[in-house]
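Chemist: starting from these lines, generate the structure:
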Amino acid sequence: MKTVLGKIHLRWCENCNVPVLDKKCSKCGNPTFEVKITPPADARPAFENDITLINETLYNQFGITENLFENKITLVNKVPGIEYMQEIIIDGQVVGILNYNEKKSQWKVIPTIEGARRFINTLNKKVIIVKHDVPKYILKGASILRPGLAYASNDIQIDDDVIILVENEELISKYGNIEGVYTDLLEKTPLEINVKKMDILGVGKARMNYNEIIEAQKGMIAKVRKSEEPKPANINPIHSDFKTMVEANKTPMDKFETQSVGFMRNTAEKINLPTTVAYSGGKDSLAVYLLAKKAFNNDPEIEKSQINYEILFNDTGIEFNETLENIDMMEKHYGKEILKTKSNDFWELAKKYGPPSRDNRWCSEECKLRPLGELIDSKYPKGCLTFVGLRKYESINRSKKPRIWQSPNIKKQTLAAPILEWTAMHVWIYIFRNEAPYNVLYEQNFDRVGCFMCPAMETGEIELIKRNYAELWEKWENFLKNWAKENNYDEEWVKKGWKLKYPKDGKKRDNSDYNN
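Modeler: Below you'll find the model as predicted:
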């Protein structure tokens, strides 16, 4: 089911080969085309570690050795669901979905046809070639049956994602148009097949492994997920970078900045309380910080623009070191003090309350709301107005928020969301445009930064923590193991049960308990 939370802004300039949030490119003036991504369409730029993970996965899965994303703007777009899935976008096209397969405990890329057209130049694994007279049936919805098979690479296993090609004259003349399949399946020896010159028909999933294909005379070889009229490889040769992306988005970003700055000034004057900005070390609060500088400092473009404001940061006690370093960097870079508060020791609280879970989020109350509320009570006895980096594209609950509301947890705090209508791309382009010191955690495969562990995490996100911060996750896992031992919980609870819910009576459960 599509999760539409707001207008889909993402478009692409083919001439500059960059994402653009408007119907016209601000750099070259050319019209842009719509990028067809899954709602809520909150895509973000991919950083070096994102590209590394994708390339490693493509190599392990399809034998692709070339970096197809080099010198190109690449985006990733998180797909809603219970599994970790991110659409991979280059040249304005979704080329695949990066997925963490929980059953096999491994990363994989689910290719699209556009992806296949880019992968084909260095592809040497997971290939199925059909006979030249088969595409007309596939295009009508048929699966690939054994009699229609011309070639299958010898690494194919059941449920593998495969790329489907069509045999050409060169292949027929080299190996002969024989009954059955080409020689490698008959003699069980590899063939040198030049797939670069073949047209791509579609993508699908194998229903037999290689040995079963050899022995079979009939039956389904692969289920076709998507097919189109056969076409050759397709790659946009134009290189691009973040600087070009910023230039291409000048007009839409000017518009969004002006609107948000106006909202902040009008709200501060209307509410008439001490003005604050919540800064968490994340990208969204950084955008709000930058907007506050524009709205409230002495700006020659804004008459009577001076409004005093303060920056608030709450340390939950389980922040990444990089986040704490970013707080220090922000103070030095902009020369403005950040008011800090910190919760009681998270680890002692965890021993008292147990690991936080989705049905027992004590950590939010104890580590975030209570310390911040105490700071506001002491610093602002009559209350304060706080601008926050909340965006409607983040969740259904956030999409329903008004732009100004009273905090349900901190009575003296009025909250306002100046970037409610911004997507993640608006935020990142604004950060690059201002050359702001963003949290380097975003370069470690993370969509969000905050507590290093959270019961709302998906398994794929946990694997990314393990990948980049193994020692940090080991500390948390050891805590879970000790808690499980003391309370008679099983290994499945340690793996994933803790973040869903846990049995209050201490009895062991079967795995189905953690799937409720």
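Chemist: helix or strand for Leu312, which one?
Modeler: strand 309-315 (DSSP states H and E).
Chemist: what packs against the longest helix along the chain?
Modeler: Ranked by residue count and defined by DSSP state H, the top helix of the chain is helix 250-271. On a contact count with 3 or more C-beta pairs under 8 Å, 6 or more residues apart in numbering; DSSP states H and E, helix 250-271 meets helix 283-296, strand 384-387, strand 413-416, helix 424-433. Every C-beta, even on glycine, is put in place using the N, C-alpha and C of the backbone.
Chemist: in it, what counts as buried?
Modeler: Of the residues in helix 250-271, 251-253, 256-257, 260-261, 263-265, 267-268 count as buried by neighbour count, 16 or more other C-beta atoms under 10 Å.
Chemist: and for stretch 225-237?
Modeler: Within stretch 225-237, judged by 16+ other C-beta under 10 Å, the buried ones are 225, 227, 230, 233, 236.
Chemist: if we can go back for a sec, after the longest helix of the chain, heading C-terminal, what element do we hit next?
Modeler: Following helix 250-271 toward the C-terminus (DSSP H and E): strand 275-278.
Chemist: chain center to that next one, what's the gap?
Modeler: The chain centre lies 28 Å from the centre of strand 275-278; the measure is C-alpha atoms, centre = their mean, to the nearest Å.
Chemist: for it, packing partners?
Modeler: helix 283-296, strand 309-315, strand 384-387.
Chemist: alpha carbons of it, as PDB, please.
Modeler: The C-alpha coordinates for strand 275-278 follow below in PDB (Å, rounded to 0.1, in the frame of the first residue of the first chain):
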ATOM      1  CA  THR A 275      12.500  31.700  21.300                       C
ATOM      2  CA  THR A 276      14.500  28.500  21.100                       C
ATOM      3  CA  VAL A 277      15.600  26.000  18.500                       C
ATOM      4  CA  ALA A 278      15.900  22.300  19.300                       C
END
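Chemist: name every strand pairing with it and say which way it goes.
Modeler: Next to strand 275-278 in the sheet, as set by DSSP bridges, lie strand 309-315 (parallel), strand 384-387 (parallel).
Chemist: which of the residues in the longest one are buried?
Modeler: Of the residues in strand 309-315, those scored as buried under the neighbour-count criterion (16+ other C-beta under 10 Å) are 309-315.
Chemist: same deal with stretch 270-284?
Modeler: Buried-residue list, stretch 270-284, by 16+ other C-beta under 10 Å: 273-284.
Chemist: closest one to Val195 out of those residues, please.
Modeler: Lys283 (40.2 Å; C-beta to C-beta).
Chemist: how about the nearest residue to that closest one, chain neighbours excluded?
Modeler: Leaving out its chain neighbours, the residue that sits closest to Lys283 by C-beta to C-beta, 6 or more residues apart in numbering is Val427, at 5.3 Å.
Chemist: pretty sure that neighbour contacts Gly282?
Modeler: No - applying C-beta atoms under 8 Å as the test, Val427 and Gly282 come out as separate, 9.5 Å apart.
Chemist: need the buried residues of helix 250-271 in TSV with pLDDT and distance to Ile64, can you?
Modeler: Putting the buried residues of helix 250-271 into TSV (pLDDT from 0 to 100; distance: C-beta to C-beta, whole Å) gives the following:
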residue	pLDDT	distance to Ile64
Thr251	98	37
Pro252	98	34
Met253	98	35
Phe256	98	37
Glu257	98	40
Ser260	98	42
Val261	97	45
Phe263	97	46
Met264	97	47
Arg265	95	51
Thr267	97	50
Ala268	96	52
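Chemist: got the contact list for Glu477?
Modeler: Residues counted as contacts of Glu477 (C-beta atoms under 8 Å, 6 or more residues apart in numbering) are Val494.
Chemist: mind checking the SS state of it?
Modeler: helix (DSSP: H, G, I helix; E, B strand; the rest coil).
Chemist: how close does it sit to Tyr469?
Modeler: 12 Å (C-beta to C-beta, to the nearest Å).
Chemist: over to Glu114?
Modeler: To Tyr469, Glu114 is 34 Å away according to C-beta to C-beta.
Chemist: and the closest residue to Cys25 other than its chain neighbours, how many neighbours?
Modeler: Nearest residue to Cys25 in three dimensions, chain neighbours excluded: Cys13, at 3.9 Å (C-beta to C-beta, 6+ apart). By other C-beta atoms under 10 Å, the residues close to Cys13 number 27.
Chemist: this completes my enquiry, with thanks.
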